[in-house]
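# okay, structure incoming, though there's no sequence with it:
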């Protein structure tokens, strides 16, 4: 069985916008270990939306911006996508990893109509499974990587760091929506 792709991957040019996004997400994590942050995120999300009605969860802060339930739907998608990326990088290092259009997924999968409690339950369950997967392998394997179509070489450790900051970014967005409407 071959463990590594035989073809040399093409060079990925990372755009300034992608670099800026990654820096922004890294600032949220602020150098902290990603695993404890990732373990805490589902409960923090549940607390952040506690007491909100379904109509409040669907209210967008402004045109073109996601509602709270759409953010939760996106976070559910993130668990699917990044769970796959982590597994691919651990089991078949060096393989290509395609980016995806998160706004299109949010719209086409109709996250605005979703049930927040079910989304939160799936986020928690998938996060636990994804964390169990990385806990089962030696930390030295976290150096394994995939070749992301927009960000280039992305190690498992880097993915975990990105996810931890990503959670905090969206948690801040939820809090900002609540503040905007005085909820």
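Now that the structure is in, tell me what you want to look at. Just so we're clear, the structure is a prediction, and the values are computed from it rather than from any experiment.
# longest helix of this structure?
Counting by DSSP state H, the longest helix found in the chain is helix 156-181.
# what pLDDT, on average, does the helix or strand containing residue 76 get?
In this structure, residue 76 sits in helix 68-91 according to DSSP states H and E. The predicted model gives helix 68-91 an average pLDDT of 98.
# who are the neighbours in contact with the residue nearest the centre of the chain?
For the chain, the residue whose C-alpha lies nearest the mean C-alpha position (Cα atoms, centre = their mean) is residue 78; its distance is 4.0 Å. If you count contacts by Cβ atoms under 8 Å, 6 or more residues apart in numbering, residue 78 has them with 163, 166. All C-beta spots, glycine's among them, are computed from the backbone N, C-alpha and C.
# if we can go back for a sec, show me what the longest helix of the chain is packed up against.
Helix 156-181 makes packing contacts with helix 16-29, helix 34-49, helix 68-91 when contacts are defined by 3 or more Cβ pairs under 8 Å, 6 or more residues apart in numbering; DSSP states H and E.
# next SSE after the helix holding residue 76?
With secondary structure assigned by DSSP H and E, helix 68-91 is succeeded by strand 96-97.
# that following strand: how far from the chain's middle?
Between the mean C-alpha point of strand 96-97 and the mean C-alpha point of its chain there is a distance of 16 Å (Cα atoms, centre = their mean, to the nearest Å).
# buried residues in the helix or strand just after it?
Using DSSP H and E, the helix or strand that follows strand 96-97 towards the C-terminus is helix 102-108. Residues of helix 102-108 classed as buried under the neighbour-count rule (16 or more other Cβ atoms under 10 Å) are 105-106.
# pull the residues that contact the helix or strand following helix 102-108.
From helix 102-108 onward toward the C-terminus, using DSSP H and E, the following helix or strand is helix 116-136. The contact list for helix 116-136 (Cβ under 8 Å, 6+ apart) reads 35, 38-39, 41-43, 45-46, 49, 52, 54, 57, 68-69, 72-73, 75-76, 79-80, 82-83, 86-87, 90, 111, 142, 156, 160.
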